[in-house]
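Undergrad: just need the structure, nothing else, for what follows:
(one chain, ligands or ions: 1)
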Amino acid sequence: MINLVLFGPPGAGKGTQAEKIVNRRNLVHLSTGDIFRRNIKEHTELGDLAKSYMDKGELVPDEVTIKMLESEVDRHVNSNGFIFDGFPRTSAQAKALDAFLETKNTSISVMLALSVEDDELKKRLKKRAEVSGRTDDADPDIIANRIAVYKSETAPVADYYKAQNKYEEIEGIGSIEEISEKLFDAIGSHE
Ligand code: ADP
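TA: Below you'll find the model as predicted:
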């Protein structure tokens with residue numbers, strides 16, 4: 001089993017690259033942002049709660065996010081492994097994920113961190129807003145808050161995996177294929 005954490009700031013290209021990895025490796029892709037957006041669309045209780053945070057560019061509380069993620073993993077008991085995209089986003093989530101995977105006799109293989117500089121991220125999010133319809137992409141203040149939250153709460157998660165020698169940084173600039181190849185190489189070195 002191989003379990004990947006795809007990491008990087010909003011707009012780094014996690015969704016695009018997750019798709020490439022899924023096609024190559026037949027893994028289950030769990031994007032917490034996508035799952036929240038699906039719940040918002042379906043007007044579930046979880047969706048209403050998540051929306052109140054997402055609309056401000058804040059994180060959904062850990063307890064809610066962790067519970068949701070665990071139930072999604074449990075829905076795919078026979079999978080070859082997972083790509084966690086947008087999760088873990090806090091140190092508490094990272095610890096909870098390790099503890100949970102241990103109960104399944106498995107663990108994270110590697111964190112793949114896509115690095116892209118701030119100005120480029122802002123440009124990409126603005127462009128994405130024109131096609132995605134995501135309200136959190138359309139407002140520069142919300143984007144700025146998401147990047148700030150990323151730096152204060154999410155960036156430290158990288159240290160958690162560095163300490164376990166499970167951290168690989170890949171530059172998220174270049175063609176989609178070039179970046180995918182670098183990701184495949186990094187995955188290969190942790191199998
Ligand atoms: P991006 O990576 O572009 O910010 P996502 O789709 O991953 O977009 O996340 C959108 C929003 O969903 C976040 O700003 C946050 O409010 C919420 N969210 C997603 N994943 C998590 C998580 N693991 N913990 C808390 N909130 C989350």
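Undergrad: just the CA atoms of the helix or strand in which Arg37 is found, as CSV, please.
TA: In this structure, Arg37 sits in helix 32-41 according to DSSP states H and E. In CSV, the C-alpha atoms belonging to helix 32-41 read as follows (Å, rounded to 0.1, in the frame of the first residue of the first chain):
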residue,chain,number,x,y,z
THR,A,32,-11.0,17.5,1.7
GLY,A,33,-11.8,20.7,-0.3
ASP,A,34,-13.7,18.7,-2.9
ILE,A,35,-15.6,16.7,-0.3
PHE,A,36,-16.6,19.9,1.5
ARG,A,37,-17.7,21.5,-1.8
ARG,A,38,-19.8,18.4,-2.6
ASN,A,39,-21.5,18.7,0.8
ILE,A,40,-22.2,22.4,0.3
LYS,A,41,-23.8,21.6,-3.0
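Undergrad: so that helix, near the ligand or not?
TA: Yes: Helix 32-41 reaches the ligand (C-beta under 6 Å from any ligand atom) through 32-33, 36. For glycine as for every other residue, the C-beta is placed from the backbone atoms N, C-alpha and C.
Undergrad: can you lay out those as CSV showing distance to Thr44, pLDDT and neighbour count?
TA: CSV is the format used below for these (distance: C-beta to C-beta, whole Å; pLDDT from 0 to 100; neighbours: other C-beta atoms under 10 Å):
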residue, distance to Thr44, pLDDT, neighbour count
Thr32, 15, 97, 22
Gly33, 15, 95, 19
Phe36, 10, 97, 23
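Undergrad: before we move on, back to that, contacts for the helix holding Arg37?
TA: For helix 32-41, the external contacting residues (C-beta atoms under 8 Å, 6 or more residues apart in numbering) are 15, 46-48, 50-51, 54, 60, 65, 68-69, 72, 85-87, 89, 134.
Undergrad: I'd like to know which of these are buried.
TA: The neighbour count (16 or more other C-beta atoms under 10 Å) marks 15, 46-47, 50-51, 54, 60, 65, 68-69, 72, 85-87, 89 as buried among those.
Undergrad: phi and psi next, for His76.
TA: Torsion angles at His76 (phi, psi; degrees, to the nearest 10) stand at phi -130, psi 60.
Undergrad: contacts only, for Thr135.
TA: 55, 142.
Undergrad: where does this structure get nearest to the ligand, residue-wise?
TA: As assessed by C-beta to the nearest ligand atom, the ligand sits closest to Gly33 within the chain, at 1.8 Å.
Undergrad: relative to Gly11, how far out is that residue?
TA: Plainly put, Gly33 is 12 Å away from Gly11 if you go by C-beta to C-beta, to the nearest Å.
Undergrad: immediately after the longest helix along the chain, which helix or strand?
TA: Secondary structure of the chain read by DSSP state H shows that its longest helix is helix 118-132. Heading C-terminal from helix 118-132, the first helix or strand you meet, by DSSP H and E, is helix 135-138.
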